[in-house]
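**Q** My questions concern the predicted model and sequence given below.
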Amino acid sequence: MPFFYLFLFALIGVPILEIYLLITVGGLIGAIPTIALVVFTAVLGALLLRVQGLSTLNRARQSMARGELPALPMLEGVVLLVCGALLLTPGFFTDTIGFLCLVPPLRQALIRAVLARGVVVTPGSHRPGSGPHHQGPRTLEGEYRREDDD
């Protein structure tokens, strides 16, 4: 049920908040400067996103070259994808969230917090409460021969 409220807030609350912020800022600095600021944050965000994306891609390649699974860089790529969508959405609230996701330590802390809430089961690991006979799929080795080959 909490996901429903989060989705409802994202669908209804964020646009209302964005409209409110745009009207408030527009009243303080004027309509044209507000539009220019929104366009500027989108362009700046796109440039920063490109730099961060290439850096993350290079870290993933380095991990794979070392024979490691690039799990964190892959998850960072997903966060950067969402971040790009937020930065290209006109508004100050979404830009703020998008720019916060561009800060690598904050982005990595967010990923670690999300992973800490979930349960990650790796192959060969035991799930809580499972016995030795519930380890998942097993491979059976054997020999066979086709009857029609004789």
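**A** Arrived safely.
**Q** Now do the contacts for the most centrally placed residue in the chain.
**A** Centroid check for the chain by Cα atoms, centre = their mean gives residue 79 as the closest residue, at 2.4 Å. Counting by Cβ atoms under 8 Å, 6 or more residues apart in numbering, residue 79 touches 101, 107, 110-111. To be clear about C-beta, it is placed using only N, CA and C from the backbone, and glycine gets the same treatment.
**Q** ok, 6 Å please
**A** Residue 79 makes contact with 101, 107 under the criterion Cβ atoms under 6 Å, 6 or more residues apart in numbering.
**Q** tell me the SS of it?
**A** Three-state assignment for residue 79 (DSSP: H, G, I helix; E, B strand; the rest coil): helix.
**Q** Dump the lowest-mean-pLDDT helix or strand in the chain to CSV, restricted to CA.
**A** Counting by mean pLDDT, DSSP states H and E, the weakest-scoring helix or strand in the chain turns out to be helix 2-8, with a mean of 84. The C-alpha trace of helix 2-8 is given here as CSV (Å, rounded to 0.1, in the frame of the first residue of the first chain):
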residue,chain,number,x,y,z
PRO,A,2,2.8,2.5,0.6
PHE,A,3,3.9,2.2,-3.1
PHE,A,4,0.4,3.3,-4.1
TYR,A,5,0.7,6.5,-2.1
LEU,A,6,4.1,7.1,-3.5
PHE,A,7,2.8,6.6,-7.0
LEU,A,8,-0.2,8.9,-6.3
